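Novice: Pasted the sequence and its predicted model underneath.
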Amino acid sequence: MIAQNIKKTRHPLQSIIFYIILAILVVAVIIALIFANLKKNKIRSELDSRIESLKSEITELEKENTELKSGLLQLESESTLEKEARERLNLKKPGENVVVVVPPKENTENNQTSKSFWQKLLEAIKSKF
């Protein structure tokens, strides 16, 4: 019976150490949870800002899409097709005259006179070999 009473009673120093260790563990767990929560909040705020930037990009792309569709409708109109055919394919309506402006050809003699003595000499040597 005396052995049972000894086992049931703890030394006060052991109880104090146990509670200190328990308190340290609880504080450590709380600190770990706080840091995990801060990390999750940082990730959440980054994702929220990314979502906002993507939403603004979607809005801009939808606006551009609308503009492109309206431009496509204009290009598909008959008057625009006719204009493009006249400009690119040189087509004309009956009774119309088409004027084509051709740039003047460069005179090859001017190119030869503008060459230096050494360039002329080099060409003469190349032509002989």
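Specialist: All right, it came through fine. Numbering: from 1, shown residues only.
Novice: tell me which element the most centrally placed residue in the chain falls in.
Specialist: The centre of the chain sits closest to Glu57, judged by Cα atoms, centre = their mean, with a distance of 10.7 Å. Secondary structure assignment for Glu57, by DSSP states H and E: helix 12-76.
Novice: Now do that helix: distance to the chain's middle.
Specialist: Centroid separation for helix 12-76 versus its chain: 22 Å, with Cα atoms, centre = their mean, to the nearest Å.
Novice: Toward the C-terminus, what is the element adjacent to that helix?
Specialist: helix 78-89.
Novice: Other residues contacting that next one?
Specialist: Gln74, Leu75, Leu91, Lys92 (Cβ atoms under 8 Å, 6 or more residues apart in numbering). To be clear about C-beta, it is placed using only N, CA and C from the backbone, and glycine gets the same treatment.
Novice: Neighbours of the second one, how many?
Specialist: Here the neighbour count serves as a burial measure; for Leu75 (other Cβ atoms under 10 Å) it reads 11.
Novice: Can you tell me how far it is from Lys69?
Specialist: 11 Å (Cβ to Cβ, to the nearest Å).
Novice: can you check the last one too?
Specialist: Taking Cβ to Cβ as the measure, Lys92 falls 31 Å from Lys69.
Novice: sorry, back to before: could you dump the contacts of helix 78-89 into CSV with distance to Asp48 added?
Specialist: Shown next, in CSV, are those (distance: Cβ to Cβ, whole Å):
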residue, distance to Asp48
Gln74, 40
Leu75, 41
Leu91, 57
Lys92, 61
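Novice: are any of these buried, and which?
Specialist: Burial by neighbour count, 16 or more other Cβ atoms under 10 Å: within these this picks out no residue.
Novice: pLDDT added to the residues you listed, as a markdown table?
Specialist: Shown next, in a markdown table, are the contacts of helix 78-89 (pLDDT from 0 to 100):
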| residue | pLDDT |
| --- | --- |
| Gln74 | 80 |
| Leu75 | 75 |
| Leu91 | 74 |
| Lys92 | 75 |
